[in-house]
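Enquirer: Fold the following.
(one chain, ligands or ions: 1)
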Amino acid sequence: MGSNPAMPTILNHRLKRLLVAVLVLHMALPPAVLAQASTNSANDLPDIGSPASSALSLDDEYRIGLQVMRQLRDEGQVIEDPEATEYLQALGSRIVAQATGDSAQKFQFFFVRDDTINAFALPGGFIGVNYGLVLATRNESQLAGVLAHEIAHVTQRHIARRVRTQGRQSVATMAAILAAILIGAATGSSDAALGGVAMAQGAAMQQQINFTRANENEADRVGMSFLAAAGFDPYGMPDFFETMGRRSSLQAANRNALPEILQSHPVTTNRIAESRSRAAQFQDVHPAPESVSYQLTRERLRVLATPPEDNVRRYYTERHGNQPQTPGEQYGEALANYQAGNSRASLDDLTVLAREFPQVPMLQSTLGQALMGAGATDEALDTFRRALLLSPRNIPLTMRYAEALLKANQAKTAHAVLLDLFNNVAPTPEQIRFTALAASSAGDTADAAFYMSEYHIATGNLPLSVAQLEMALAEPNITSVQRSRFQARLDEVREAMFSDRKRRKMAEQEEKRKKQQPPPSDSRPHGTLSRAGS
Ligand SMILES: [Zn+2]
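Expert: Model (predicted):
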C-alpha cells in the first residue's frame, strides 16, 4: 500500500550525494534509435511501475527523475566532470539546507551540455543547469538565485501537483516522454527524437508539466527567502532575471520551439520589478564573500564545453589585453592549454594559483594532472597526496589521484584509494564506474563486477546489476568475505525487483478493476466486452 518499496532505500543511500562525474558516455545513438530505446528500456524496467492513484508519491517522483537522468546521461547531455559537479552540488546543498526540514527530499544537481540560458527541475529533486546559463552569470549570487528558484519548484511540489491533474499516465511513460522532450530540446531536434504518436503525447505531457504563472511567482518568492537565508545577495535574483530578459529576446528568433520546461522562466518587466522589491526587504542580509570556486567553475565549464572549433584559447588571449587576469581567467587559460596538450604552458599559472589557494581542490587536481601531462609523475603524485591531506576524501581529487596512479602503473594502489572513498563517502555513479575500471586494471575481476553492479543500481538499472553480481559470484577465486558481500547485495536487489513487480501488478489490477466497473446505469454482466470496440 503506502509502504516504501526497498529500492528507493538502496538508491537514496547510494545517491545521497549524487555528483555526476567524469568520462562522458560515448553512447550517442541516432535519434530514431533513441526514441525506440527509451520506449524499450521503459518497458523493461522493473523499478518503474504505473501508479494506481492519481497523485505522485515522492518515490514515484524519484523514479521518474532517475529514469530521465539515465537517459540524459546516455545521450551525453550531462556534463560528467567531477570538479564542476562537486561545486554545483555544494552550492545547491547550501541553499537546500535553508530550504527544507523534509530530509526525505534529496537533491541532485548536474550541469547540462547546452549553451542556452536555462535551468530546470525534474521530478524527484534532480536539478539541471545548462552551462550556457553559468557563462551568462556574473557572480555566484546570480547562479545561486537560479538554483534557489528551481529548488523552490521542488519543495513546493509544483511538478507533482501538475502531474496529479492528469493522473493516468504511468510513471514509465512519463519518464520516457519527459526524457524525450528534454533530449529533443537539448539537441534541437525534438521531432526527430519522437515519433508521431509520442510527439502528440509529448505535447499533452508538456501541457501537464508547464508551471503556471502562480507556480513561477511562488518559486520566485520562496526561492528568494532561501537565497537570502543561505547568505547570498538577494539582488542576485532580479539582476539575473534582467540578463535573461535581454538574452532571451535575442534567442527567441530561433529558439521559440523550446519547450516550456526548459524555458520555464519567461521574464517580464513586472517580474523583475517584483523581484527587486522583494530583495529590498532583506536589508539585514550581509552576503558572505564569494568563493573563488565560482569563477574557477565558470571558466572550467567554458573550457570543457566550448566546441574545439571555437578555440577557447583565443578567447582568453583576446580578453588579456592589458588588463590583469582574474584567478578564474588565469585558470581557464591554463586549463585550455592543458586540454590542448600543452601541459608545460599551463604549469606556471597553475603552480601560482595552487599556492595562492591551497584549500581549493580544483586547483590542486588540475595542477596534478598538468604535472602528469608534463611527465613529472613523482611531483604530480606528491601534489595529489599533499592536497588530500588538506581535503581528505575529496571526490574529484581522489579520482584524479587514482587516475594518475593508473597511468603510473600503480593500479593496486589506485583501487585501494578508490575503495576507501567508496566505503566512506556516498559515491557518484561515475566514481563507481571509475572504481570498477581501477579494480579491473588491478586484476580484481570480481570486485570490478561488483562495482559495476553498484553503478547500475545508482543509475536505476536493476537487471544489469543482477547480471554483474552473478558474474562476480561466478569468479573462481573469490574469498568468503567477498562471496557473502556479493550474495547479500544480490538478495537485496532481487527483493527490490520483486516488491516492485508486486507493486506494479497491484497497480495494474487496480487500473483494470476501475475499467471493469460498469457505469451505474449499466448492469449488464458483460458490459466491458460489449464496450471493447468503442
Ligand atoms: Zn520556474
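Enquirer: where in the stretch 201-350 of the chain is pLDDT low?
Expert: For the stretch 201-350 of the chain, residues meeting the criterion pLDDT under 70 lie at 201-211, 248-266, 322.
Enquirer: Which helix or strand in the chain has the lowest average pLDDT?
Expert: Using mean pLDDT, DSSP states H and E, the weakest-scoring helix or strand in the chain turns out to be helix 31-44, at a mean of 27.
Enquirer: Centroid-nearest residue for the protein?
Expert: By CA atoms, centre = their mean, the chain has its centre lying nearest to Phe110, at 3.4 Å.
Enquirer: For it, which three-state class applies?
Expert: strand (DSSP: H, G, I helix; E, B strand; the rest coil).
Enquirer: tell me which residues form a beta bridge with it?
Expert: Beta-bridge pairing for Phe110 (DSSP bridges): Gly128.
Enquirer: any idea where the helices of the stretch 201-350 of the chain begin and end?
Expert: 213-229, 236-255, 269-280, 292-305, 312-320, 327-339, 343-356 (DSSP state H, counting those that start in this stretch).
Enquirer: What segments of the stretch 51-200 of the chain are strands?
Expert: Secondary structure of the stretch 51-200 of the chain by DSSP state E, counting those that start in this stretch: the strands cover 108-112, 119-121, 126-130.
Enquirer: mind checking which of those is nearest the ion?
Expert: Shortest distance between the ion and those, using CB to the ion, is found for strand 119-121: 7.7 Å. Every C-beta, even on glycine, is put in place using the N, C-alpha and C of the backbone.
Enquirer: do the closest one and the ion meet?
Expert: No: counting by CB under 5 Å from the ion, no contacts exist between strand 119-121 and the ion, the nearest distance being 7.7 Å.
Enquirer: Within its sheet, name the partner strands of that strand and how each one runs.
Expert: Strand 119-121 has the following strand partners under DSSP bridges: strand 126-130 (antiparallel).
Enquirer: Now do the strand it pairs with: distance to the chain's middle.
Expert: 6 Å (CA atoms, centre = their mean, to the nearest Å).
Enquirer: which stretches of the stretch 401-534 of the chain have low pLDDT?
Expert: Along the stretch 401-534 of the chain, segments meeting pLDDT under 70 span 507, 511, 514-515, 517-534.
Enquirer: Which stretches in it count as helices?
Expert: So, for the stretch 401-534 of the chain - with DSSP H, counting those that start in this stretch - the helices run 411-424, 429-441, 445-458, 462-474, 480-516, 527-531.
Enquirer: helices and strands around the second one, which ones?
Expert: With contacts defined as 3 or more CB pairs under 8 Å, 6 or more residues apart in numbering; DSSP states H and E, the packing partners of helix 429-441 are helix 395-407, helix 411-424, helix 445-458.
Enquirer: What lies in contact with that helix?
Expert: With contact meaning CB atoms under 8 Å, 6 or more residues apart in numbering, helix 429-441 is reached by 18-23, 73, 80, 82, 395, 399, 402-403, 406, 411, 414-415, 418-419, 421-422, 427, 445, 447-449, 451-452, 454-455, 458-459.
Enquirer: The first one too?
Expert: Applying CB under 8 Å, 6+ apart, the external contacts of helix 411-424 come out as 393, 395, 398-399, 401-403, 405-406, 427, 431-432, 434-435, 438-439, 441-444, 447, 451.
Enquirer: if you set the cut-off to 10 Å instead, what comes out?
Expert: 381, 384, 388, 392-395, 397-399, 401-408, 410, 427, 431-432, 434-444, 447-448, 451, 454 (CB atoms under 10 Å, 6 or more residues apart in numbering).
Enquirer: Now a ChimeraX select for only the buried ones of those residues.
Expert: Applying 16 or more other CB atoms under 10 Å to the contacts of helix 411-424, the buried members can be selected in ChimeraX as follows:
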select :381,384,388,394,395,397,398,399,401,402,403,404,405,406,410,427,431,432,434,435,436,437,438,439,440,441,442,444,447,448,451,454
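Enquirer: measure Gln77 to the ion for me?
Expert: Going from Gln77 to the ion by CB to the ion, to the nearest Å gives 20 Å.
Enquirer: Identify the residues contacting whichever residue of the stretch 1-150 of the chain sits closest to the ion.
Expert: When distances are taken as CB to the ion, the stretch 1-150 of the chain reaches nearest to the ion at His149, 5.6 Å away. With CB under 10 Å, 6+ apart as the criterion, the residues that contact His149 are 95, 119, 121, 127, 216, 218-224, 226-227, 237, 240-241, 264-265, 275.
Enquirer: Now tabulate the helices of the stretch 401-534 of the chain in JSON lines and tack on distance to the ion.
Expert: Formatted as JSON lines, the helices of the stretch 401-534 of the chain follow (distance: least, CB to the ion, whole Å):
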{"stretch": "helix 411-424", "distance to the ion": "35"}
{"stretch": "helix 429-441", "distance to the ion": "27"}
{"stretch": "helix 445-458", "distance to the ion": "28"}
{"stretch": "helix 462-474", "distance to the ion": "33"}
{"stretch": "helix 480-516", "distance to the ion": "31"}
{"stretch": "helix 527-531", "distance to the ion": "42"}
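Enquirer: chain center to stretch 226-236, what's the gap?
Expert: Distance, centroid of stretch 226-236 to centroid of chain: 23 Å (CA atoms, centre = their mean).
Enquirer: Just the CA atoms of that stretch, as PDB, please.
Expert: Coordinates of each C-alpha in stretch 226-236 appear next as PDB, following Å, rounded to 0.1, in the frame of the first residue of the first chain:
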ATOM      1  CA  PHE A 226      16.100  30.500   0.600                       C
ATOM      2  CA  LEU A 227      18.700  32.700  -1.200                       C
ATOM      3  CA  ALA A 228      18.900  35.300   1.500                       C
ATOM      4  CA  ALA A 229      18.900  32.800   4.300                       C
ATOM      5  CA  ALA A 230      21.800  30.900   2.700                       C
ATOM      6  CA  GLY A 231      23.800  34.200   2.900                       C
ATOM      7  CA  PHE A 232      23.800  35.200  -0.800                       C
ATOM      8  CA  ASP A 233      23.000  38.600  -2.200                       C
ATOM      9  CA  PRO A 234      19.200  38.600  -2.700                       C
ATOM     10  CA  TYR A 235      19.700  41.000  -5.600                       C
ATOM     11  CA  GLY A 236      21.400  38.200  -7.500                       C
END
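Enquirer: May I see the domains of this protein written out as residue ranges?
Expert: 6-280, 392-504 (automatic domain parsing).
Enquirer: hang on, the earlier thing: okay if I get the helices of the stretch 401-534 of the chain as CSV plus distance to Ala176?
Expert: Below are those laid out as CSV (distance: least, CB to CB, whole Å):
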stretch, distance to Ala176
helix 411-424, 31
helix 429-441, 20
helix 445-458, 19
helix 462-474, 17
helix 480-516, 15
helix 527-531, 28
